[in-house]
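[1] Sequence first, then the predicted structure, then my questions.
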2 protein chains.
Amino acid sequence: MIKCIRCCHVHAITKSGIVRGKQRYYCKDCNIYFTLPDVSAADMRQHKKHMTTIVDIAKALNISKSTVSRALHEHSDINPQTRTAVQEMARRLDYQPNLLAKSLVKSKSNTIGIIVPEFLTYFFPTIIMGAQQVAAQAGYNVIICQSQESYQTEVANANVLLANRVDGVLISMTKETRKFDHFKAFEKHGIPVVFFNRVCDEMHTSKVLVNDYEGALKATEHLIKNGYRNIAHIAGPPALLITRNRLSGYRDALEKYKLPFQKELIVHCDLSKKDAIRSAKQLLSMKNRPDAVFCVNDPVAIQLMLVAKKLKITIPSELGIVGFSNEPSGEVIDPALTTVEQPVADIGRSAADILLKAIRQAEDYVPEMKSLQTTLIVRASSGGIGRRNKR
Amino acid sequence: MIKCIRCCHVHAITKSGIVRGKQRYYCKDCNIYFTLPDVSAADMRQHKKHMTTIVDIAKALNISKSTVSRALHEHSDINPQTRTAVQEMARRLDYQPNLLAKSLVKSKSNTIGIIVPEFLTYFFPTIIMGAQQVAAQAGYNVIICQSQESYQTEVANANVLLANRVDGVLISMTKETRKFDHFKAFEKHGIPVVFFNRVCDEMHTSKVLVNDYEGALKATEHLIKNGYRNIAHIAGPPALLITRNRLSGYRDALEKYKLPFQKELIVHCDLSKKDAIRSAKQLLSMKNRPDAVFCVNDPVAIQLMLVAKKLKITIPSELGIVGFSNEPSGEVIDPALTTVEQPVADIGRSAADILLKAIRQAEDYVPEMKSLQTTLIVRASSGGIGRRNKR
DNA sequence: ATGAAAGCGCTAACAA
DNA sequence: TTGTTAGCGCTTTCAT
């Protein structure tokens, strides 16, 4: 069975003549001709090539390696001629500085570590992307670790980063982390730490969060302005900070408009799909059914919408809905979901910015706390009470 | 303005007495009391601590550092007593081996690099997650690079990885890459490379792909079996491999069931939302309108569905739709979208597996090509011609 | 302006 | 079983 060298498939291959004594093949999908490459072990062995070092350059030019080092770094005291000669030779020998060696002698790895609980949703990858961009721009590499929501793994992650002598660390804790010695180890060695999203109270370091409170306030206010009066809230697990802050924003919005805060209109949900459906059903089957719901996040809002549809409750005329986080699904569902957008990539960028500043300033650095702003995205699901869903 | 040390917000803070001469605050959102930490620069300076090395342990125990090294590595010839003594001391001094130094002497960094074109969709993060899991399990770190679909950035990325002496590299090329010297540089130094998703024909290395052809075949076959006869295809940009392979699967399915291949039922789309809408309109306004469409991916399928809804074309009774890639939105839309699922995380896992094997086997390694299987996920959007969308 | 030498923290061959 | 020594590739005094 011959595989196409491009698409790796077998089904579209036909023989197509002989070339230089070798069978030639054709893949009709990829529209390319090819012969099977013959790499002998000998060929491979050739590869195992020594990488050129400053010593190689020094020998080739018959000068000392210190001179080479200086020439490569645009040092002040260096003969322009030798400098160009060295740089030319470096190019010719295809020199790549060994950053490991440099890191060792400088005690600086130009690497930052990131510890995140997971990598499954779009949330953390996006944050990492943002952080990576900023880091790369400043010449830093990023080592990523997943704690898998396990305290033990998180401790192991921290040790890996420590052993790799990262210059700084970005952390979002697991939900089960209660001891912080593995974080304090960084501080002890002067390695700055910035927490984001899931922050650690006990550590006096920089933190980056999203202004959940304000987002929730704006969302609820929007519902009120659109005429809804009996507004419920599907909240998250009470233990989470976001839950408290979003609930708090919801509560204060009601207060601001002199609407009564009704305890029975708050339903806590563990964020699973199943429990979201349960919460939705609970709210929608109340005798005094709410005319709008502010949901702790978009997936919950979407489940609520699906339940409402099944119960033939019209959105937004009979039920206004607002979510939180602006997930792609919200745009597609009908009616489209009003939501609070969080600047996810900015969390990563800000955290990395702050971390780099901390690395540069070293002792003089003063920890800072940053709270990023949210944006209300108005779509059809909160169009107004009594109004028909247009389209 | 006092910020809560947990939530970084200002709005819920109240003063709450004095403790040890310092003002105490209370955050009613977080329900915690706190005083402002006072870290003087002096406090921080203390931190900048020397990390213990094997020499420190050696001195403390009055033995040589080689003995320490051996004890720490469970070397064969070592007195059990000294071994435990060393390990105990290592623990007490909080020893963390310096992996940079180790890498330098062993010429092995225990790090693999990944170069991906972007990080915005869920596709590449998921692959990276899979690769990272496998790597971490084997004690490898992962350095990630984004080429941003730019050839030049990709070259820079390759140099970064080279300079960091990674032990192997995972690559998905940019769409503008036409020269491959920066990849060949890895080979030249015996650093194994595995391509995934966007592979490079010119390099005789391992490759991991998804069986797009078979996925498309199954999808189209499914439509045929459900009674659709006039099946169109919204394809991707002709330059992409996935476009050709999915088109090829579509074509062969028609052939298998002796249905005519009609050129006018193929519409190419650049995958942007705008062009997806254009393609959808083009197909649905034909005199001889297709009764089903196999779409090159889910976002395109979703746009098609939205256009069809607007035109009051009933899905699936008047129009069957199948997408590709199983994105979350497909589950939420009504009717739910039938799609071909790709094992995204498996791509990363497989690629990393193959790479680690290549690293271990070094010269003896023979490049391999892997094509991962797809799964058809049947939902309502392809429910059958003339049938009503249930629910 | 350049070279010699020490050392970053570690491993490993060779002695003892 | 343990110590001695020589590097890995680089930077950085200190001489010259």
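    The structure has been received and is ready for your questions. Numbers count the residues shown, from 1 in each chain, chains lettered A, B, ... in the order given.
[2] Only C-alpha atoms from now on, for both contacts and neighbour counts.
    Fine.
[3] so when I look at A:Met51, I'm seeing a strand, right?
    No - if the criterion is DSSP: H, G, I helix; E, B strand; the rest coil, then A:Met51 is coil and not within a strand.
[4] hang on, isn't it packed against A:Leu93?
    No - contact criterion C-alpha atoms under 8 Å: A:Met51 and A:Leu93 do not qualify, at 9.0 Å.
[5] I figured A:Val193 was touching A:Val166, is that so?
    No - the criterion here is C-alpha under 8 Å, and A:Val193 misses it with A:Val166 at 10.7 Å.
[6] Of these two, give the one with the bigger neighbour count.
    The residue with more neighbours, out of A:Val193 and A:Val166 and counting by other C-alpha atoms under 10 Å in any protein chain shown, is A:Val193; that gives 29 against 24.
[7] From DNA strand D, how far out is the closest residue to the more buried one other than its chain neighbours?
    Spatially, and ignoring its direct neighbours in sequence, A:Val193 is nearest to A:Val169 (4.8 Å; C-alpha to C-alpha, 6 or more residues apart in numbering or on different chains). Distance from A:Val169 to DNA strand D, counting by C-alpha to the nearest atom of the strand, to the nearest Å: 23 Å.
[8] how many other residues sit next to A:Val169?
    28.
[9] partners of it in the sheet?
    A:Val169 has the following beta-bridge partners by DSSP bridges: A:Gly113, A:Val193.
[10] That one and B:Ile144: what is the separation?
    16 Å (C-alpha to C-alpha, to the nearest Å).
[11] interface residues of the stretch 1-150 of chain A facing DNA strand D?
    A:51-55, A:65-66, A:69-70, A:96-99, A:101-102, A:104-106 (C-alpha under 7 Å from any atom of the strand).
[12] Where in chain A is the helix or strand with the lowest mean pLDDT?
    Ranked by mean pLDDT, DSSP states H and E, the helix or strand of chain A with the weakest confidence is helix A:41-47, at a mean of 46.
[13] picking that back up, which residues touch the residue nearest to A:Val193?
    Residues counted as contacts of A:Val169 (C-alpha atoms under 8 Å, 6 or more residues apart in numbering or on different chains) are A:Ile112, A:Gly113, A:Ile114, A:Ile115, A:Ile191, A:Pro192, A:Val193, A:Val194, A:Leu355.
[14] hmm, 6 Å instead?
    A:Val169 sits next to A:Ile112, A:Gly113, A:Ile114, A:Val193 when contact means C-alpha atoms under 6 Å, 6 or more residues apart in numbering or on different chains.
[15] okay, now the residue of the stretch 101-250 of chain A found nearest DNA strand C: neighbour count?
    Closest contact between the stretch 101-250 of chain A and DNA strand C, by C-alpha to the nearest atom of the strand, is at A:Val105 (3.3 Å). Neighbour count of A:Val105, defined by other C-alpha under 10 Å: 12.
[16] Check the gap between it and chain B for me.
    9 Å (C-alpha to the nearest C-alpha, to the nearest Å).
[17] Up against chain B, what does the stretch 101-250 of chain A have?
    A:Pro125, A:Val142, A:Ile143, A:Ala163, A:Asn164, A:Lys188, A:His189, A:Gly190, A:Asp201 (C-alpha under 6 Å from any C-alpha of the partner chain).
[18] Which ones among these map onto strands?
    A:Val142, A:Ile143 (DSSP state E).
[19] show me the contacts for A:Ile277.
    Applying C-alpha under 6 Å, 6+ apart, the residues contacting A:Ile277 are A:Gln303.
[20] Which strand or helix spans it?
    Using DSSP states H and E, A:Ile277 falls within helix A:273-284.
[21] Over to A:Ala232?
    Applying DSSP H and E, one finds A:Ala232 within strand A:231-235.
[22] could you check the angle helix A:273-284 makes with that strand?
    160 degrees (axes from the mean of the first three to the mean of the last three C-alpha atoms, to 10 degrees).
[23] Using PDB, list the CA coordinates for strand A:231-235.
    Provided in PDB are the C-alpha atoms of strand A:231-235 (Å, rounded to 0.1, in the frame of the first residue of the first chain):
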ATOM      1  CA  ILE A 231     -35.700  39.700  36.600                       C
ATOM      2  CA  ALA A 232     -34.300  36.400  37.800                       C
ATOM      3  CA  HIS A 233     -30.600  35.300  38.000                       C
ATOM      4  CA  ILE A 234     -29.200  31.900  37.400                       C
ATOM      5  CA  ALA A 235     -26.000  32.100  39.400                       C
END
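[24] Now the next helix or strand after it: average pLDDT?
    Later in the chain than strand A:231-235, the nearest helix or strand by DSSP H and E is helix A:241-256. Mean pLDDT, computed over helix A:241-256, is 95.
[25] Please tell me how far helix A:241-256 is from the chain's geometric centre.
    26 Å (C-alpha atoms, centre = their mean, to the nearest Å).
[26] give me phi/psi at the closest residue to A:Thr375 other than its chain neighbours?
    Once flanking residues are discounted, A:Thr375 sits nearest to A:Glu341: 5.1 Å by C-alpha to C-alpha, 6+ apart. Main-chain dihedrals, A:Glu341, degrees, to the nearest 10: phi -90, psi 140.
[27] Next, find the distance separating A:Glu341 from A:Asp364.
    35 Å.
[28] Show me which of those two is the more surrounded one.
    A:Glu341 (17 against 14).
[29] didn't the more buried one look like it was pressed against A:Val378?
    No - judged on C-alpha atoms under 6 Å, A:Glu341 makes no contact with A:Val378 at a distance of 10.2 Å.
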